[in-house]
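> Here is a sequence with its predicted model. Questions after.
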Amino acid sequence: MKEFTYKHPGEIRFGWGRRKEVGEVVLSYGKRCLLVTGKQTSMQKLFKEVEESCIDKGIEIHHFNDIVPNPTTDSVNAGVDIAKSIKAEVILAVGGGSSIDTAKAIAVGATHPGQAWDYKLYAKPISDKVLPIIALATTSGTGAEVTPVSVITNPAEQLKYALVHNLLIPRVAIIDPETTITVPAHVTASTGFDAFCHSFESTIHSQSNAYADMLAYESIKLIAKYLERAIKDGSDREAREAMAWASTLGGLAITNVGVTLPHGIGMAIGGHAPHVMHGEALAITYPEIIAWTWEAAIYPFARTARILNPALEKLSDKAAAQALGSEIERFLRAIGMWMGFADKNVPKVMLPAIANDIMKLPDYKAHPKLADKDFYLELLNKCYPSRK
């Protein structure tokens, strides 16, 4: 076994109905709260419930709901202005990765000189002045409620980067599977595949370790068994609970290990084509990345392939690892995520700019195989044709 250090400073409250504890949790960190959410009509009842839970505890709560998918610097800066004006003591995020990532960036921007964007990828040090963050997750995929990462996009620069610091791990993550019941099928599929990618990439990462592997493979098992069920029937409580736990496990794995090339490519895609959901960007590129990588990470590839298809137990590790490509294709087709760039209306002329940004992010360095920008452009071109 490789030596490792495992750390997670946040508290996790997992289970049906745990959202009702939000007022009590927020009060323990402050009495002036900025609530950060999206504008989804289907979530208005939950947002109201959260507000009332806080008001009942005597908390002064202000609602900021100007969140967009692939959150932008403009959205973050607007939230920062409100947080400063109300002298917020705590930030409460209710939603998926976009809301939670925005809340994390606001917690930095409201307490540090300049803009939150200035602190991307360790460009400037993040201090302990960061406002405490509470996260109530409403999707099962990003794991943002337990990670130290805030991913935001700067439209002017067409770049999608991350702020990274352990102080961005929410002080309390509330994971109530009931909040995911109304999530649409395609969002369930996209976020669910993101959770799969988190777990899988932590097992092939250069810093993979036994503890994170334990979390990651359990997550992969749950996703393989329950994601299709959650997509087909959003009210399937067993499937929703399993996916919520799988997402949490994946988030914990990457918190201590990290992600690899596919996520770096996904970030580059998001910077230039923000209409593409993060899970979609991963689905577009995974087949080609798997086909290129398998010989460099035979054991984790074989283990994941056998989870997706137990019949592969009969094959050698090398044969099972090679078979992961076909298993990923089958899985993506089953969850409605088999797609190419053309299916998402990404102009082919955009691919060189995306390729150019891949190596601006550190994720590719942790991948089992390394290449140059020209190779990555070739890989992206292979991902272009429609798969419909």
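The structure has been received and is ready for your questions. Because the structure is predicted, anything quoted here is derived from the model rather than measured.
> What segments of the stretch 251-388 of the chain are helices?
All helices of the stretch 251-388 of the chain, identified by DSSP state H, counting those that start in this stretch, fall at 261-272, 278-293, 298-308, 317-334, 351-358, 373-382.
> how about a markdown table for the ones you listed, with mean pLDDT added?
Output for the helices of the stretch 251-388 of the chain, formatted as a markdown table (pLDDT from 0 to 100):
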| stretch | mean pLDDT |
| --- | --- |
| helix 261-272 | 96 |
| helix 278-293 | 98 |
| helix 298-308 | 98 |
| helix 317-334 | 98 |
| helix 351-358 | 96 |
| helix 373-382 | 96 |
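> which one of those lies closest to K232?
helix 317-334 (10.1 Å; CB to CB). (Each C-beta comes from the backbone N, C-alpha and C, glycine too.)
> Any idea how far that closest one is from the middle of the chain?
23 Å (CA atoms, centre = their mean, to the nearest Å).
> Identify the residues contacting that helix?
If you take CB atoms under 8 Å, 6 or more residues apart in numbering as the criterion, helix 317-334 is touched by 193, 224, 228, 283, 286-287, 290-291, 294-295, 297-299, 301-302, 304-306, 308-309, 312-313, 315, 338-339.
> Report the buried members of the residues you listed.
Buried by 16 or more other CB atoms under 10 Å: 193, 224, 228, 283, 286-287, 290-291, 294, 297-298, 301-302, 304-306, 308-309, 312, 315, 338-339, out of the contacts of helix 317-334.
> circling back: can you put the helices of the stretch 251-388 of the chain in CSV and add distance to A162?
Putting the helices of the stretch 251-388 of the chain into CSV (distance: least, CB to CB, whole Å) gives the following:
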stretch, distance to A162
helix 261-272, 8
helix 278-293, 12
helix 298-308, 24
helix 317-334, 25
helix 351-358, 13
helix 373-382, 19
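> Give me whichever of those is most buried.
Each of those was scored by mean neighbour count; the highest is helix 261-272, a mean of 25, by mean count of other CB atoms under 10 Å.
> What lies in contact with that helix?
70, 151, 153-154, 157-162, 197, 201, 276, 278, 281-282, 284-286, 289, 293, 346, 350, 353-355, 357-358, 360-364, 366-367, 376, 380.
> farthest residue from the center of the chain?
Distance from the centre of the chain peaks at K314, with 33.8 Å (CA atoms, centre = their mean).
> Give me the local confidence score for that residue.
For K314, the pLDDT comes out at 96.
> Just to check, D363 is in contact with T260?
Yes: between D363 and T260 there is a contact under CB atoms under 8 Å: 5.7 Å.
> between the two, who's got more neighbours?
Using other CB atoms under 10 Å as the criterion, D363 and T260 rank with T260 on top: 28 against 22.
> Let me see the contact set for the more buried one.
Contacts of T260 by CB under 8 Å, 6+ apart are 201, 204-205, 363-364, 366-368.
> Would you format these as a markdown table with pLDDT and distance to M267 included?
Formatted as a markdown table, the contacts of T260 follow (pLDDT from 0 to 100; distance: CB to CB, whole Å):
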| residue | pLDDT | distance to M267 |
| --- | --- | --- |
| E201 | 98 | 13 |
| I204 | 98 | 18 |
| H205 | 98 | 16 |
| D363 | 95 | 7 |
| Y364 | 96 | 11 |
| A366 | 97 | 14 |
| H367 | 98 | 14 |
| P368 | 98 | 19 |
